[in-house]
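> sequence plus predicted model, see below.
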Amino acid sequence: MDLLLRQLHYTSFAERGCKQLVSKQVTLEVRKAFSDRIVSCYWSASHPPNIGYRCVYLHQISCQQTLFGWLYSDGVEQNSSVIPYFVCYYLDEKLLNFHLETIFTCLQKGPLAIIDRHATPIALETKVVSNLWSYEPARPGVAVSPEILQQCYTALNQGELINLLVPHSTKETVLVLGDQTYEQRIANLSVYQHYIIEGITEEADNLAVPRQVTNYQKIGRSHQPNQLYVQPTQENKQKLSFPVKVAEGSLAIAPHKSSSVTKVSSKKNPLLNSEQRNLSPSSFNQNNLQFLLRIGIIATALAVTLSIYRLVHLSLLTPIASEVKANNNNPVFFKTLTEVSNVPQGIFNYSASPTFASLRPTVSSRLAQAQRQFQLRFVEPVSTAQGSSVGIKMLLDGELSFVLSSRPLRENELAQARQRGFALEQIPIALDGITFFANPRNLLVGLNLSQLQDIFSGKINNWETVGGPDLPITAFSFDPEVSGTADVVQQRVLAGGEFGKNVQITSTAMESILKVADTPGGIGYSSAAVAGQEKIYPLPISIAPGETFISPFVGINEKVLNKAALANGSYPLTRRLFAIVKRDGGLDEQAGVSYVNLLTTDEGQKLIEQAGFVPIR
């Protein structure tokens, strides 16, 4: 999935001194947090980093605001008063597991772009991370060990803020699973297994347990509630090339430096040493006992290694579907609708974004046949338009058991749920693409996200400006206060800005399609599930100028959904569709989880595909 990232750079610029450049959407509060919690903590004028030093950092200002980036000491610094090169990206949405996965991939590959110290721009543009494995980083990133990754995922899932610094180390051995075969993954996992076995061998004389691979230690809870504090060991503090101050009350993970791997000496093996063969029976029994103990521990280590591989392998096969969880936090997948267990009995109210209109009839009829006791009643809002925001409000007010949303939850909605004594969880059930379409007489090659932003903010008002005919632009949009689709467009196309006064509001996708079809200079958008029609021209989209345009549809008539581009996230406006579950421990929660389990069966995913969406698994 793609992320919209604001840029922050802080370094010494020629003839300008120490300056901070940022994207225009970055607030003063975030700029100050970057200076105070990153720059001031990770750079000291009295102890500047050595030339060639680099590190990565990840800092959560709040659960809704995340900073991450790199520090490079590239040799430009002439004295201690010249600051090294900080590159930073700012994510202004709730940090979820798939966000964290994207961030770590980016940190390990390197920054998307850098700025020239001698030719600095006035402001920085927003960057979009979409295809993580194909972009060429501007500078190398820093490897992050699996142990640290797991610590961060655990902290995130427990609602703790993350504050992470990992310097580069040539001794790091990192498990990279992206393009590896089964044999390569097992070989890499054996490296970590070898650390354990090596520790057993070196400390067998004292019958010690394997030494820890990681160089950080937990020292307990901080005085701040719901926050975990982890600090470097004393040995690791001495290995840092410059002092590091850690923000109090956050998850702070020390640099990871793996021990060198050496071969086991035969002198430590009781079966190979001649002196040990001449030991007394009692000594032999003791050494034999030690040897058997080692064998047992090694066998345990091998079992743990294989278990880790199975978990990693499963996560690679189902990276998105792993978010669908039952109460025991294990993925639940079935083949058919009838196989799903623990489906409650009763009549349950639910609502949905209009995006799901093509899905509802098919699913309702099949569920009625497969799970007769599970009766769903669709509830429309009274005196207001149907939409994700309205449905979530009805769920918060106790009018629904669950709701289907075309956008992620907002922080204020999560806060309202907590105030009312329960939690809301968004669980992805399908992939969709937001399709922009124009009048079929206006056959553009395509538009990039920046051009779409200018059109829907009112900055551009004639098609000639973007390579089209000399026609005034008439833009149509849904109400972002009601529509989840409009909310996603506002966040990802307008970068959080407002729709222009030139934009005309429509109530439904069909209304937008008909108006664009009747307006020579018209442009609108909707879910791809309903946009494959002859009346309109679905526009190919690119992330930025010069990038390849990707169409949401393929085929001779370009009316077949481009499932591959949506599945791999290369289509710039791919999004997830969610079931919003009310975690209250009651029947509402059971109904919501059961609905998710039903839709994520093999049969349910086929129904999703038939409705014009892309399966999540």
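Ah, there it is. Residues are numbered from 1 along each chain as shown.
> for this structure, what helix or strand is lowest in average pLDDT?
The weakest-scoring helix or strand in the chain, judged by mean pLDDT, DSSP states H and E, is strand 216-221 (a mean of 33).
> so, low pLDDT: which residues of the stretch 251-400 of the chain?
251-332 (pLDDT under 70).
> switch the cut-off to 90
For the stretch 251-400 of the chain, residues meeting the criterion pLDDT under 90 lie at 251-335, 357-365, 368, 380-386.
> ok, and what's touching the helix or strand where Val516 lies?
Val516 belongs to helix 509-518 when assigned by DSSP states H and E. Identification of contacts with helix 509-518 by CB atoms under 8 Å, 6 or more residues apart in numbering yields 354, 437-440, 476-478, 504, 506, 522-527, 530-531, 533, 535-536. Any C-beta I mention is one placed from the backbone N, CA and C, and that applies to glycine too.
> could you rerun that using 10 Å?
Residues outside helix 509-518 that contact it (CB atoms under 10 Å, 6 or more residues apart in numbering): 354-355, 357, 435-442, 474-478, 483, 485, 504-506, 508, 522-527, 529-531, 533-537.
> just the buried positions in it, please.
509, 512-517 (16 or more other CB atoms under 10 Å).
> closest to Ile162 out of the residues you listed?
Of all these, Ile162 sits closest to Ala509, with 38.8 Å by CB to CB.
> and that closest one, what's its pLDDT?
As predicted, Ala509 sits at a pLDDT of 90.
> and the gap between it and Cys55?
Ala509 sits 47 Å away from Cys55, going by CB to CB, to the nearest Å.
> could I get stretch 151-164 in PDB with only the CA atoms?
Only the C-alpha atoms of stretch 151-164 are listed here, as PDB (Å, rounded to 0.1, in the frame of the first residue of the first chain):
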ATOM      1  CA  GLN A 151      10.100  -5.400  19.600                       C
ATOM      2  CA  CYS A 152       8.500  -2.600  17.600                       C
ATOM      3  CA  TYR A 153       5.600  -4.700  16.400                       C
ATOM      4  CA  THR A 154       4.900  -5.800  19.900                       C
ATOM      5  CA  ALA A 155       5.000  -2.200  21.200                       C
ATOM      6  CA  LEU A 156       2.700  -1.100  18.400                       C
ATOM      7  CA  ASN A 157       0.200  -3.800  19.100                       C
ATOM      8  CA  GLN A 158       0.200  -2.900  22.800                       C
ATOM      9  CA  GLY A 159      -0.400   0.700  22.100                       C
ATOM     10  CA  GLU A 160       3.000   1.900  23.200                       C
ATOM     11  CA  LEU A 161       4.800   4.800  21.500                       C
ATOM     12  CA  ILE A 162       8.000   3.800  19.600                       C
ATOM     13  CA  ASN A 163      11.300   5.600  19.800                       C
ATOM     14  CA  LEU A 164      14.000   3.800  17.900                       C
END
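> going forward, begin numbering at 23 instead of 1
Fine by me, first position is 23 from now on; the one you just mentioned is stretch 173-186.
> which SSE is immediately downstream of the helix or strand encompassing Arg28?
Assigned by DSSP H and E, Arg28 belongs to strand 25-35. Of the helices and strands lying after strand 25-35 in sequence (DSSP H and E), the nearest is strand 39-44.
> helix or strand next in line after that next one, which one?
helix 50-56.
> in the helix or strand just after that following helix, what counts as buried?
Following helix 50-56 in sequence order, the next helix or strand is helix 62-64 (DSSP H and E). Across helix 62-64, burial judged by 16+ other CB under 10 Å covers 63-64.
> give me the three-state assignment for the closest residue to Leu113 other than its chain neighbours.
In space, and not counting its chain neighbours, Leu113 is closest to Thr88: 4.5 Å by CB to CB, 6 or more residues apart in numbering. Here Thr88 is recorded as strand under DSSP: H, G, I helix; E, B strand; the rest coil.
> next, work out how far apart Thr88 and His81 are.
7 Å.
> shared neighbours, these two?
By CB under 10 Å, 6+ apart, the residues touching both Thr88 and His81 are 183-184.
> element containing Lys415, please.
With DSSP H and E as criterion, Lys415 is part of helix 410-418.
> elements contacting whichever strand or helix holds Val188?
Per DSSP H and E, Val188 falls inside strand 184-189. Applying 3 or more CB pairs under 10 Å, 6 or more residues apart in numbering; DSSP states H and E, one finds that strand 184-189 makes contact with helix 62-64, strand 76-84, strand 87-94, helix 119-131, helix 168-179, strand 250-254, strand 273-275.
> neighbouring strands for the second one, and are they parallel or not?
So the one you mean is strand 76-84. strand 87-94 (antiparallel), strand 184-189 (antiparallel) (DSSP bridges).
> so Ile602 makes contact with Arg432?
No. Taking contacts as CB atoms under 10 Å, Ile602 lies outside contact range of Arg432: 11.2 Å.
> distance of the residue nearest to Leu183 when sequence neighbours are not counted from Asn72?
Nearest residue to Leu183, sequence neighbours excluded (CB to CB, 6+ apart): Gln82, at 4.4 Å. Per CB to CB, Gln82 is found 28 Å from Asn72.
> of the two, which one has the most company?
Comparing Gln82 with Asn72 by other CB atoms under 10 Å, the one with more neighbours is Gln82, at 23 against 9.
> returning to what we had before: just the helices and strands packed on strand 184-189: most buried one?
Ranked by mean neighbour count under mean count of other CB atoms under 10 Å, the helices and strands packed on strand 184-189 are led by strand 273-275, which reaches a mean of 25.
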